[in-house]
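>>> A predicted structure for the sequence below; I have some questions about it.
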Amino acid sequence: MSTIEYTSRPVPQILVHEVHKPRHSRQWLDWVTTTDHKRIGIMYMVLTFVFFTLGGVEALLMRSQLSVPNNTLVSGLVYNELLTMHGTTMIFLFVVPVMAGFGNYFVPLMIGARDMAFPRLNALSFWLLLLGGIVFYASIFWHPPEAGWWSYPPLSSKLYSPGGGQDAWIFLIHLTGLSSLVGAVNFYVTIVNMRAPGMTWGRVPLFIWSILIYAVLLIIALPVIAAAVTMLLTDRNFGTNWFNPTDHGSPVLWENLFWFFGHPEVYIMILPGFGIISEILPVFARKPIFGYKAIAASTIVIAFLSTLVWAHHLFTAPMPLVVLGFFMLSSFLIGIPTGVKIFNWTATLWRGSLVMTAAMMWAIGFIVLFLIGGITGIFLATFPVDWQLNDTYFVVAHFHYVLVGGAVFTIIAGTYYWYPKMTGRLCNETLGKWSFWVTFIGFNLTFFVQHALGLSGMPRRIYTYQEHMGWSTYNFISSVGAFIMAAGFVMSFYNFARSYKTGKLAGPDPWKANTLEWFTTSPPPVNNFDAVPRIRSVEPMRDIRLEVEAQTGALQKTGGSEQFSRV
């Protein structure tokens, strides 16, 4: 069905949820050579979910090794390799690029554009990501990296990591970094210059705000990590000594460079997820988002503060007390705009007419888990406490509550929410809800007990332990929870794959949503829109429905006053 032009004449067809079959590619070459932002977005999401599966298998192998004391399932060397592959995969090959996948698909649709500003650069960013993943995983055939996803020297030096796997890790950072940088410039130019008529900055969807700030942070942070890994590469292969402490180099220099990138990277991974949640909650709460301007402003403030807190990862390094105090207080400050978001999301839900779809359940689950991760982050931001908990499993638990409970839950929520738009079909809601509960329970079994492990003194990055240490029960619970959580994710992936063929047909706007992507067909045509309505508020689809209802006599009258139905 072609997109209906929005004019002043009655257009009742907009409210009719017509059904149409999903479009299928005629041949695989169309996908290889495409510059269509929607196909590129889908390829991003499919590829990153493949990497997510690989990273999940690596995590399960590690949890299997730690499930009982004195286990010999894998050796210490293999465990370090699994640890490095898992962390690197999840961060550089899943969370960051999958957010780019959502951005690629939905940014032009949500701002009323027909494509990204630079379609060929958009395609290049995807192929660079794929090449980086291939280079990284090819290292398993000779010597995988084993220095952790942070690759601290001297562990990442030629002396301790002599194989080519560490160089493959460096090339991965370069290739995926270049991919993200090209994509970030593309997002920035597209959002700034290609918005629909009337879409002022005060009417931009919150997901678009999050992608814009995501792009700015990438542009700021990526040159720093590019410089750091280049210096590491020359240390390993060309005789320089940037990080060699035996020849006037400094491993602490690497820590500062890496975490100047690494802490903004945390918000690079989570801010688009915040945007996804800010789109889902008002739709299924059947009320406008509470505090639109506050949420948009808090996104900007979080991005600014995220560049000032990197050294809280270095509290155990030698630093003056005044520096420790500055980074502790700046870390506390970042909790304020984050708290503003959580408060506004909760206020959006308060007294709303909640529709508990699978997407809504995943979104609410995110709020609960991210709140726990934020609270434990306050503990770690207090440097005397961090001196005790640093390099323990308490940090592992905090990190996963923020990035799995945070970013990954938002990704699954966004997939359930936008799946009808991308495929023209609805997911199975019952299976989606069961998947949520299995994942939610498994996640908390896995990571909540790791706080206790950290408080009991279990250090990170160990591959075995003695029975008398008292960690056996917690580790067994954590490992069982990991397999339950994995089963929950598998249920969702099965749901996505099965629904593509058998899901109920969706119309253009099955959720009665608020933003512009629901104005076009599901899935959208190549050109996205034949005509784009003028934007008059932050909820353009609601405006369209209200005007059409008024023009077609669908206006409801109650006691002499006129009211529009929101549902």
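That came in fine, so what should we check first? Note that this is a predicted model, so its numbers are computed, not measured.
>>> my read: Gly101 touches Arg39, true?
No - between Gly101 and Arg39 there is no contact under C-beta atoms under 8 Å: 11.0 Å. C-beta: built from backbone N, CA, C; applies to glycine.
>>> Compare the two (neighbour count), which wins?
A count of neighbours by other C-beta atoms under 10 Å puts Gly101 above the other of Gly101 and Arg39, at 25 against 20.
>>> helices and strands around the helix or strand hosting the more buried one, which ones?
According to DSSP states H and E, Gly101 maps onto helix 96-111. Where contact means 3 or more C-beta pairs under 8 Å, 6 or more residues apart in numbering; DSSP states H and E, helix 96-111 is packed against helix 37-66, helix 119-138, helix 165-193, helix 206-237, helix 251-285, helix 409-423.
>>> how does it look with 7 Å?
helix 37-66, helix 165-193, helix 206-237, helix 251-285, helix 409-423 (3 or more C-beta pairs under 7 Å, 6 or more residues apart in numbering; DSSP states H and E).
>>> Check the offset of it from the chain's centre.
What separates the centre of helix 96-111 from the centre of its chain is 11 Å, taken as C-alpha atoms, centre = their mean, to the nearest Å.
>>> again with stretch 72-88
With C-alpha atoms, centre = their mean, you get 24 Å for stretch 72-88.
>>> List the buried residues of that stretch.
By 16 or more other C-beta atoms under 10 Å, the buried positions in stretch 72-88 come out as 74, 78-88.
>>> Most widely separated two among those?
Spanning the widest gap among the buried residues of stretch 72-88 are Val74 and Thr88, at 17.7 Å by C-beta to C-beta.
>>> what does the model give Leu349 for pLDDT?
pLDDT, Leu349: 96.
>>> In this structure it contacts Ala285, no?
Yes - applying C-beta atoms under 7 Å, one finds Leu349 in contact with Ala285, separated by 5.4 Å.
>>> just to revisit the earlier point, ok, the buried residues of stretch 72-88 vs Trp259, which is closest?
Proximity of the buried residues of stretch 72-88 to Trp259 (C-beta to C-beta) peaks at Gly87, which lies at 14.5 Å.
>>> Output the helices and strands packed on helix 96-111 as a markdown table; include the columns mean pLDDT and distance to Phe440.
Formatted as a markdown table, the helices and strands packed on helix 96-111 follow (pLDDT from 0 to 100; distance: least, C-beta to C-beta, whole Å):
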| stretch | mean pLDDT | distance to Phe440 |
| --- | --- | --- |
| helix 37-66 | 97 | 16 |
| helix 165-193 | 97 | 30 |
| helix 206-237 | 97 | 23 |
| helix 251-285 | 95 | 16 |
| helix 409-423 | 97 | 8 |
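>>> any weak-confidence spans in the chain?
Of all residues in the chain, those with pLDDT under 70 make up the ranges 1-26, 553-567.
>>> one step back: could you say which of the helices and strands packed on helix 96-111 is packed most deeply?
Mean neighbour count (mean count of other C-beta atoms under 10 Å) peaks for helix 409-423 among the helices and strands packed on helix 96-111, with a mean of 25.
>>> tell me the helices in the stretch 301-450 of the chain, going along the chain?
Using DSSP state H, counting those that start in this stretch, the helices of the stretch 301-450 of the chain run over residues 321-333, 335-349, 358-381, 383-389, 393-402, 409-423, 429-455.
>>> For Val50, which of these is the nearest?
Between Val50 and the helices of the stretch 301-450 of the chain, the tightest spacing by C-beta to C-beta is seen for helix 409-423, at 14.0 Å.
>>> list the helices and strands that closest one packs on?
Using 3+ C-beta pairs under 7 Å, 6+ apart as the contact test, the elements touching helix 409-423 are helix 96-111, helix 251-285, helix 358-381, helix 472-502.
>>> got JSON lines for those helices, with distance to Pro119 too?
JSON lines is the format used below for these (distance: least, C-beta to C-beta, whole Å):
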{"stretch": "helix 96-111", "distance to Pro119": "10"}
{"stretch": "helix 251-285", "distance to Pro119": "21"}
{"stretch": "helix 358-381", "distance to Pro119": "29"}
{"stretch": "helix 472-502", "distance to Pro119": "25"}
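>>> can you tell me which residues contact Val538?
For Val538, the contact set (C-beta atoms under 7 Å, 6 or more residues apart in numbering) comprises 203, 205, 292.
>>> ok, 6 Å please
Contacts of Val538 were listed using C-beta atoms under 6 Å, 6 or more residues apart in numbering, and they are 203, 292.
>>> Would you check how far apart it and Gly239 are?
Distance, Val538 to Gly239, using C-beta to C-beta, to the nearest Å: 57 Å.
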